[in-house]
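here is my input, please return the structure:
(2 chains)
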Amino acid sequence: MLGKDAAAFLCRNSGALVDAEDPGLLGEAVRVVVPCGGRVDVLHLLKAVENGARTVVVVACHIDNCLSLSGTDEAELRVARANALLVESGSAARCAICRAAANAPADLRKALSEVIHPVGARGPEAEEVTTA
Amino acid sequence: MTDRERVAVVGGGPAGLAAALKLAEGGVPVLLVERGGRLGGRPIEFGCKATDRCAVCSACLIAQMARDALESPLVEVALSTEVTGFSGDPEGRIVEFGGRAEAVEGVILATGYTPAEVGPVKPEYGLGKVPGVTTSLELDRRLRSGELLEGPPTSLAFVQCAGSRDRAMGKDYCSRVCCTYALRIARAIHHRLPDVRMTLFYQDLTSVGPGFDALVDECSGFMRLVRALPAKIHREPGGSRAVVCYADTIGGALSEEPFDEVALSVGMWATHDTAANSLFALACDEWGFVTGAAHNRVLFAGACAGPISIAESIEAGRVAAAEMLRRVLPGPRGTVALLGSDERCAALAEKEGFATVSATGLKGVAGAFVAQTPDGDVPVVGAIIPGIRADSQEEALPPHVRSLWSKHALERARSTKTLVILPDLRAGWCRAAHEDALALAAERAGARQRTWVVVRHAFTGEPELEQLMTRAREAGTCVIHADEDPRIDSSGVTVHDPGLGRELTLKADIILAAPRLVPTDAQRAALRGLSLAGARGHTVPQNPHLGLSATARRGIHVAGWLRDPGSSHMSARRSEDAAIAALTTASRGSAAVDAEKCAICLTCIRECPHGAPAITWNEEHEKDLAYIQPEACAGCGVCVTLCPAQAITFADYPDEPILTALEGANAG
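Predicted structure coming up:
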């Protein structure tokens, strides 16, 4: 389960619907509902880390299930870019992407369990990350 | 809410939700009456069958559609409510429900189906008595909730046709979707729990929709497919497992095999809602599925009319809504461009109130397309690229094999002594090929003529094909269900007959097969020009949001085999219906471009899959600028984050609230 020191970007067609069905999955994480995973910007991810989030998760649709077709792929690129910038700045890679459909709470639970610990375990405690 | 009277939609499953949302999109208020306590029908309980990729089962769309219906200002949802009265008087149609009486313009019935009650009618399967015997629906529910992951079985069997294709129980029809459903569940389980040993017992594997062959091939790699239906399932003596007793149709041996769990693939039964049937004066077939309604303003859609998949049900709901819109709001609806000539598609569009024009190209976006015709440019509301056989090119067939669709070969085939037809040698599952092969075989009733039709696909879900096969057999045709691709040489065809357990060599004067169809150069150019061309020149259909006909470009639809090479006549017709039903789609979002920041780098144009950005002359700033065309915009916001100059803003999801919300994320 995610704590208050986590931020979750939820695609309104997948992550937000799973969260509505089982709010316990994302625990106390700060939720931001976006129209598509592709709307998540590197700026948003870094801002969450700057604000103190130790874990930042984007919950987006499966490949071939994105209403916007390329949104999930774009989200994955942003997560990778944000992590690269964090590592470059001496911080830990704290961003992750989970793919889950609106009707797959168990899949999201498993996906979160796979990313939370690696994300939390990577590198030192959250350091100051200055974003433009 | 407008002053116009509403359309009542009865049933909140896939078809009912799709119909309600389509009507609301067309500006017609909807009263959605659902007997249950929530929207979504039975599929709302189905889990995701994705592996690394979406399985395109469409089950996840139901939650999205239920949310959209509840959020729509034009849809009033009445849950836990039944329709108790209906007056079909043209001067004033009244629907009574939940103690209220409302005037309505019409009614769309989407009352769904009932899962087969296998326990009482198949006591030999031990459902509810033998430990480990369950249903595919229950297995799906446990997969969805995660219970299956926590306590997985070591061995799992699926038993098909539980409650359908069974004359003894009066259900001698195929439920069509169960084979795909069971195989998708099996694949999802294998992806999550690769150690579970799985077996599927079947009579015939029935294909529904594109990708079925690939699904069967994939499943064959990790599970056993046994052509046999169990006679009995009993408890393991001294144990707790379920023992499946069966006679292997292929091997012929009587076997008993224990499994930790056995999932019965329950068929789809009609709801037999006699009150609704008499209320709306519905006609039903021998199994209770709706076949007609007496009132002009009463339509029906979805599984109440027969076994149907979720995707098909959604499309059926949209098509019924389009038909209702035509009846409620008669009059011209604009012109549709047909890129390619197809009289049937044109007739369907014209029936729906659209004028049609045959075009060679298309410019612009949804709502403001311009079709290029030999007589000049014509404004159109949307475009359909029909896929018809006459327009196509055929891929080369192997040596010694002639095309089933060659007039010259057909003429010879009618009179020749020995003929072998291979309808799915190259084309895969194609209804048109099977139909033509069986029709030709049924014609050949000459005393000295011998005909073999070798098929790899069962068509038990297609009653018309079953009838044709019976006619062909009565004419002396031998239909062989082969389990491997045949070997072909100059003297004939060698096939492996799993029923006999050996190879057969069929000497033939002529060998016919259905070639795979490929787009013509003109069709390829049209698709490429619209950025719609996929692998092999066909469009890419593998996204449930695109349904049977939609493309990434709003307002442009691709129908028939051009979208999916394995598409049949029936699905071509359905996709044409769906295309026409979806032609007047409302905008989903709007993004604005900051003229001061836009550097005309074309990133948005290059990256948007929907073709929404364009470069236009801006009068105010007296220069070319990017412009996001709202009619084509899907509202995803991808361009906002991609723009290097941060020139694009998205009114519905601006940055500020996102950044403000993130301020709450801290260690606390």
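
what packs against the strand ranked longest in chain B?
Ordering each strand of chain B by length in residues (DSSP state E) puts strand B:100-109 first. Packing partners of strand B:100-109 (3 or more Cβ pairs under 8 Å, 6 or more residues apart in numbering or on different chains; DSSP states H and E): strand B:6-10, helix B:14-25, strand B:93-97, strand B:298-300, helix B:310-328. Every C-beta, even on glycine, is put in place using the N, C-alpha and C of the backbone.

closest to residue B:154 out of those?
Closest approach to residue B:154 among the helices and strands packed on strand B:100-109 is made by helix B:310-328 (30.8 Å; Cβ to Cβ).

still on that earlier bit, for the very next helix or strand once past the longest strand of chain B, which outside residues touch it?
Once the chain leaves strand B:100-109, the next helix or strand it forms, by DSSP states H and E, is strand B:114-115. The contact list for strand B:114-115 (Cβ atoms under 8 Å, 6 or more residues apart in numbering or on different chains) reads B:42, B:135, B:137, B:163, B:266-272.

same check on stretch B:234-245?
B:126, B:130-133, B:157, B:159, B:201, B:230-233, B:254-262.

just checking: what are the partner strands of the longest strand of chain B?
Here strand B:100-109 is paired, per DSSP bridges, with strand B:6-10 (parallel), strand B:93-97 (antiparallel), strand B:298-300 (parallel).

nearest residue to residue A:28 in space, please, no chain neighbours.
Distance criterion Cβ to Cβ, 6 or more residues apart in numbering or on different chains; nearest residue to residue A:28, sequence neighbours excluded, is residue A:4 at 4.6 Å.

is it true that the one you found touches residue A:31?
No - if you go by Cβ atoms under 8 Å, residue A:4 and residue A:31 don't touch, sitting 11.7 Å apart.

out of these two, which sits in the more crowded spot?
Neighbour count, other Cβ atoms under 10 Å in any protein chain shown: between residue A:4 and residue A:31, residue A:31 has more, with 20 against 17.

right, and the more buried one touches residue A:11 too?
No - using Cβ under 8 Å, residue A:31 is not in contact with residue A:11; the gap is 11.5 Å.

now residue A:60: how far from residue B:646?
Counting by Cβ to Cβ, to the nearest Å, the gap between residue A:60 and residue B:646 amounts to 22 Å.

so between these two, which is more surrounded?
Per other Cβ under 10 Å, whichever of residue A:60 and residue B:646 has more neighbours is residue A:60, with 31 against 14.

could you measure from the more buried one over to residue B:196?
28 Å.

thinking again about what came up before, next step: the contacts of stretch B:234-245 restricted to strands.
Those of the contacts of stretch B:234-245 lying in strands (DSSP E): B:133, B:157, B:159, B:201, B:232-233, B:254-259, B:261-262.

now, which of those sits nearest chain A?
residue B:261 (17.4 Å; Cβ to the nearest Cβ).

for that closest one, give me its contacts.
Applying Cβ under 8 Å, 6+ apart, the residues near residue B:261 are B:132-134, B:139, B:153, B:155-157, B:242.

one more time with 6 Å, if that's ok
Neighbouring residues of residue B:261 by Cβ atoms under 6 Å, 6 or more residues apart in numbering or on different chains: B:132, B:153, B:156.

who does it bridge with?
Note on residue B:261: beta-bridge partners residue B:156, judged by DSSP bridges.

quick one, strands of chain A?
Taking DSSP E as the criterion, chain A carries its strands at A:6-11, A:30-34, A:55-60, A:95-99.

same deal with the stretch 451-600 of chain B?
Using DSSP state E, counting those that start in this stretch, the strands assigned to the stretch 451-600 of chain B run over residues B:478-481, B:487-489, B:492-497, B:502-507, B:510-513, B:517-518, B:556-558, B:591-593.

report the separation between the spatially most central residue of chain A and residue A:48.
By Cα atoms, centre = their mean, chain A has its centre lying nearest to residue A:57, at 1.5 Å. Distance, residue A:57 to residue A:48, by Cβ to Cβ: 10 Å.

what residue in the stretch 51-200 of chain B comes nearest to chain A?
residue B:146 (3.0 Å).

distance between stretch B:409-419 and the chain's centre?
Relative to its chain's centre, stretch B:409-419 lies at 36 Å (Cα atoms, centre = their mean, to the nearest Å).

can you check stretch B:213-220 too?
For stretch B:213-220, the distance to the chain centre is 18 Å (Cα atoms, centre = their mean).

list the buried residues of it.
Buried residues in stretch B:213-220, counting neighbours by 16 or more other Cβ atoms under 10 Å in any protein chain shown, are found at B:213, B:215-216, B:218-219.

helices of chain A, residue ranges please.
Using DSSP state H, the helices of chain A run over A:15-21, A:42-50, A:71-88, A:105-121.

could you dump these into a markdown table and include mean pLDDT, distance to residue B:611 and mean neighbour count?
What follows is the helices of chain A, written out as a markdown table (pLDDT from 0 to 100; distance: least, Cβ to Cβ, whole Å; neighbours: other Cβ atoms under 10 Å in any protein chain shown):
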| stretch | mean pLDDT | distance to residue B:611 | mean neighbour count |
| --- | --- | --- | --- |
| helix A:15-21 | 96 | 27 | 22 |
| helix A:42-50 | 94 | 25 | 25 |
| helix A:71-88 | 94 | 16 | 20 |
| helix A:105-121 | 79 | 32 | 18 |
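
now those helices as JSON lines including distance to residue B:510?
As requested, the helices of chain A are exported to JSON lines (distance: least, Cβ to Cβ, whole Å):
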{"stretch": "helix A:15-21", "distance to residue B:510": "56"}
{"stretch": "helix A:42-50", "distance to residue B:510": "64"}
{"stretch": "helix A:71-88", "distance to residue B:510": "49"}
{"stretch": "helix A:105-121", "distance to residue B:510": "52"}
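
looking at those helices, spot the one closest to residue B:100.
Of all these, helix A:15-21 sits nearest to residue B:100, with 29.2 Å by Cβ to Cβ.

tell me if that closest one is near chain B.
Yes - using Cβ under 6 Å from any Cβ of the partner chain, helix A:15-21 reaches chain B at residue A:17.

other SSEs contacting that helix?
Secondary-structure packing of helix A:15-21 (3 or more Cβ pairs under 6 Å, 6 or more residues apart in numbering or on different chains; DSSP states H and E): helix A:105-121.

is any residue of the helix it packs on near chain B?
Yes - Helix A:105-121 is in contact with chain B by Cβ under 6 Å from any Cβ, via residue A:106.
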